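Q: below: sequence and its predicted model.
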Amino acid sequence: MTFKELIPNILLLEDDERVADHIIELSKNQKWNLEWVTHRDEAIKRSLNGTFDLLILDRMLGDGEDSIHLIEYLRDQEINMPTIVLSSVGGAFQRSNGYNAGADIYVEKPFVDEELIAAINALMRRYGFKKDEAAIFQFGSLELRLHSRTASWSNKPLNLSPLSFTILEILARQHGQIISRSDLWTKAWPNWRADPQNDVMDQAIFRLRKELNITTQNIKIVTKRYRGFMLDINGG
């Protein structure tokens with residue numbers, strides 16, 4: 001079991017190779033992980049299947065598509081990444097459209113490096129990111145990114161609900177140990193001022209198992225009768 005410093009994963013949608021190359025070089029200097037795509041469909045696929053902490057997108061692509069529609073689509077899919085819009089289309093009306101679509105920060109082109117760096121750092125702080133925080137939990141092939149609350153197995157995303165992620169994190173932190181029902185209830189449902197509800201926990205565990213099994217059979221949530229639950233990881 002290890003904890004690692006969190007390095008932000010950034011998805012860049014930009015069809016101007018010159019601009020993209022510049023941002024890629026900038027990300028290397030800042031020690032950010034950045035993946036570059038040039039088409040809206042690629043960005044959707046990577047957003048839905050990847051584990052990214054931040055989205056940077058060029059507003060107007062070469063095909064005339066307005067990328068703010070991508071933000072709206074991702075929000076509808078409950079993909080709520082912090083988003084920076086880069087655009088040569090300025091003015092208060094256009095910026096308002098971007099913000100209303102769900103953009104967090106609107107940066108007009110041409111931009112200076114310091115402006116983009118400051119925008120990215122501001123969003124990371126706003127969403128609770130700290131560069132010196134040990135925010136990646138790793139046990140073998142299981143990885144939990146505590147900032148973005150996403151998980152993966154052998155670099156394949158685990159599509160978990162927010163509650164499922166919470167339960168998996170609780171179990172992973174005490175891997176190989178039994179978590180009593182009362183402890184799990186207190187940690188996973190802190191706002192429920194009631195005695196542990198076994199039916200609620202059992203339904204949540206069932207859902208977590210189902211979500212895990214879509215990607216891997218190597219992560220087992222073991223029920224210990226009258227005692228609680230335990231995480232058992234095979235391989236990795």
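A: Arrived safely. Note that the structure is predicted; figures quoted are calculated from it, not measured.
Q: hmm, who's touching stretch 10-25?
A: 27, 32-40, 42-43, 46-47, 50, 52-58, 61-62, 67, 70, 81, 86, 109, 116, 120 (Cβ atoms under 8 Å, 6 or more residues apart in numbering). For the C-beta atoms, the positions are set from N, CA and C on the backbone; glycine is no exception.
Q: so which bits of that stretch are buried?
A: Of the residues in stretch 10-25, 10-16, 19-20, 23-24 count as buried by neighbour count, 16 or more other Cβ atoms under 10 Å.
Q: report the buried residues of the lengthiest helix in the chain.
A: Longest helix of the chain, by residue count under DSSP state H: helix 198-215. Neighbour-count burial for helix 198-215, with 16+ other Cβ under 10 Å as criterion, is recorded at 201, 204-205, 208, 211-212, 215.
Q: alpha carbons of that helix, as CSV, please.
A: Output in CSV follows, covering the C-alpha atoms of helix 198-215 (Å, rounded to 0.1, in the frame of the first residue of the first chain):
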residue,chain,number,x,y,z
ASN,A,198,-28.3,-3.1,7.3
ASP,A,199,-30.5,-3.1,4.3
VAL,A,200,-29.1,0.2,3.1
MET,A,201,-25.5,-1.0,3.5
ASP,A,202,-26.2,-4.3,1.8
GLN,A,203,-27.7,-2.6,-1.2
ALA,A,204,-24.7,-0.3,-1.4
ILE,A,205,-22.3,-3.2,-1.2
PHE,A,206,-24.2,-5.0,-3.9
ARG,A,207,-24.0,-2.0,-6.2
LEU,A,208,-20.3,-1.6,-5.5
ARG,A,209,-19.6,-5.3,-6.4
LYS,A,210,-21.7,-4.9,-9.6
GLU,A,211,-19.8,-1.8,-10.6
LEU,A,212,-16.4,-3.4,-9.9
ASN,A,213,-17.2,-6.6,-11.8
ILE,A,214,-17.8,-4.7,-15.0
THR,A,215,-14.0,-4.0,-15.2
